[in-house]
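K.L.:
Return atomic coordinates for the entry below.
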Amino acid sequence: MSTSDPALATPATASRADRLIEAITNSRLGRIGYRLRWLLPVASFAIGLGSYFLIQRQNALAQWLAALMLLGWVALLFEGLLCRVLARFVGERVPQILVRYAAQALHQETLFFVLPFFLATTTWQSAQSLFTGLLILAAVVSAIDPIYYEVIAPRRWLFLGYHAFTLFVALLAAGPIIGSLTTGDSIALASAVMGVCALPSFNDVLQAGRWWRWLVLAALSFALAGGAWMTRFWIPPATLNAKQMAITTQLDTATRQPGANRHHFSVAQIRANGLYAFSAIKAPRGLHQGVLHIWSHDGQIVGRIPLEIQGGTRKNGFRTWSHKQSLGADPRGHWRVAVVTDDGQLIGAERFTVGQSSH
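P.N.:
Numbers count the residues shown, from 1 in each chain. Modelled structure (predicted):
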């Protein structure tokens, strides 16, 4: 947070953050709010964490909390109209710098709210860690005044891009929570909205005036939305995670209970009956889409097996399994079984090796 003293800043040298502080602290209520501003990200993260556990318990309160988060975005999208309405009541135009403060508060509230969902569902030994790392960085930046007001806010293209990314992650989480959308539908919706919201950023860079520049703007918007969709494998599904995974030589198919999970097998052990991959998928809002097991050997995909889903209780999750009997002429090496939705999102993965001995 910024620690500058507004009383020491002159009009010629005051930074944007200093002027914001001065505008806010002109009233007693503003001074109290400014001193307690650090509570917003903490409270947002706590509410998000609480919502995550409420979702796990299929509690409708989590849907209302997510809806309130989106309501703030509606207010920000119509900030011009709201500012004019407020001006009629207070008798003067609301300063733009206060609107920026409201935007910062909304960014903090949104990013820290959705963070627990993605932290819990990220498969860390995958490219999803890059997306969640970017989300963590964006959340931290929203809480550091000098960076937010001196680096992001003055650059309209960067501010609007940051704004679009925040709305993107908000819709990724809100889609399954509020509307019970599939992860694919949520990404498609979030990608389209982000592409539209990024148009002002592209316009600031290109300064569209001629007709062909508008075509370039549209192409960039479509490219951004399409790129987000194409990289969906990198995005954790906000409400789906693999509660349990096991690679084993034995599985009770009647009760869907796997044998002991192991990470190393000998060639002799897998020759007779192959291997089973078991997954219990936690999907508190329901699993409304197909799921696959993708088997990979030394980085090469050797099998895509559609899964039959059974169960779905809060305790056990949706239990499913695949059985691969043929692992090739030479199965030695590094293996990976990924649990993937039929629209390409990674839910979880388990790795194992096959060697000459089972040490």
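K.L.:
Show me what the lengthiest helix in the chain is packed up against.
P.N.:
In the chain, taking DSSP state H as the definition, the longest helix is helix 96-121. Applying 3 or more C-beta pairs under 8 Å, 6 or more residues apart in numbering; DSSP states H and E, we find helix 96-121 packed against helix 16-24, helix 39-56, helix 61-77, helix 79-90, helix 128-142, helix 156-179. Heads up, the C-betas are built off the backbone N, CA and C, glycines and all.
K.L.:
so Ile47 touches Phe113, yeah?
P.N.:
Yes. Here Ile47 reaches Phe113: they are 6.0 Å apart, a contact under C-beta atoms under 8 Å.
K.L.:
quick one, which of these two is more surrounded?
P.N.:
Neighbour comparison, Ile47 and Phe113: the larger count goes to Phe113, with 30 against 20 (by other C-beta atoms under 10 Å).
K.L.:
Secondary structure of Arg319: a strand, I assume?
P.N.:
Yes. With DSSP: H, G, I helix; E, B strand; the rest coil as the criterion, Arg319 is part of a strand.
K.L.:
Just give me the neighbour total for it.
P.N.:
Close neighbours of Arg319, defined as other C-beta under 10 Å, add up to 22.
K.L.:
Give me the below-cutoff pLDDT ranges for the stretch 101-250 of the chain.
P.N.:
204-205, 208-209 (pLDDT under 70).
K.L.:
Now do the strands for the stretch 251-359 of the chain: every range, in order, please.
P.N.:
Taking DSSP state E, counting those that start in this stretch to define them, one finds strands in the stretch 251-359 of the chain at 251-252, 257-258, 264-266, 275-282, 291-297, 300-306, 310-313, 317-324, 333-341, 346-355.
K.L.:
and Met282, bridged to which residues?
P.N.:
Quick fix: residue 282 reads Lys, not Met. Taking DSSP bridges as the rule, Lys282 bridges to Asn241.
K.L.:
where's it relative to Asn261, distance?
P.N.:
17 Å (C-beta to C-beta, to the nearest Å).
K.L.:
Looking at those two now, which is surrounded by more residues?
P.N.:
Neighbour totals were compared for Lys282 and Asn261, and Lys282 leads with 23 against 13 (other C-beta under 10 Å).
K.L.:
do you know how far the more buried one is from Ala349?
P.N.:
15 Å.
K.L.:
With Ala105 instead?
P.N.:
Distance from Ala105 to Ala349, by C-beta to C-beta: 37 Å.
K.L.:
Kindly report the same for Pro146.
P.N.:
From Pro146 to Ala349 the distance is 39 Å (C-beta to C-beta).
K.L.:
who's more crowded, these two?
P.N.:
Ala349 (20 against 14).
K.L.:
OK, contacts around that one?
P.N.:
Ala349 makes contacts with Thr123, Gln125, Ser126, Ala242, Met245, Arg336, Val337, Ala338, Val339, as judged by C-beta atoms under 8 Å, 6 or more residues apart in numbering.
K.L.:
Could you do His334 as well?
P.N.:
His297, Asp298, Gly299, Arg351, Thr353.
K.L.:
How about Phe222?
P.N.:
Taking C-beta under 8 Å, 6+ apart, one finds Gly195 in contact with Phe222.
K.L.:
and if you look at the one 10 residues further on?
P.N.:
Applying C-beta under 8 Å, 6+ apart, we find Arg232 in contact with Thr183, Gly184, Ile187, Asp343, Gly344, Gln345.
K.L.:
Am I right that the last one is in contact with Thr183?
P.N.:
Spelled out, it's Gln345. Yes. Here Gln345 reaches Thr183: they are 4.8 Å apart, a contact under C-beta under 8 Å.
K.L.:
where do the contact lists of those two overlap?
P.N.:
Residues touching both Gln345 and Thr183 (C-beta under 8 Å, 6+ apart) are Arg232, Pro237, Leu240.
K.L.:
Using CSV, lay out the residues you listed together with distance to Leu137.
P.N.:
What follows is these, written out as CSV (distance: C-beta to C-beta, whole Å):
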residue, distance to Leu137
Arg232, 20
Pro237, 21
Leu240, 24
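K.L.:
Which single one of the residues you listed is nearest to Phe265?
P.N.:
Distance to Phe265, by C-beta to C-beta, is smallest for Leu240 among the shared contacts of Gln345 and Thr183, at 28.1 Å.
K.L.:
Could you count how many residues lie near that closest one?
P.N.:
The number of residues packed near Leu240 is 27, by other C-beta under 10 Å.
K.L.:
Contacts only, for it.
P.N.:
Shown in contact with Leu240 (C-beta under 8 Å, 6+ apart): Thr121, Pro176, Thr183, Ile281, Lys282, Ala283, Leu287, Thr341, Gln345, Ile347.
K.L.:
can you pick the most crowded of those?
P.N.:
Busiest of the contacts of Leu240 [other C-beta under 10 Å] is Thr183, holding 28 neighbours.
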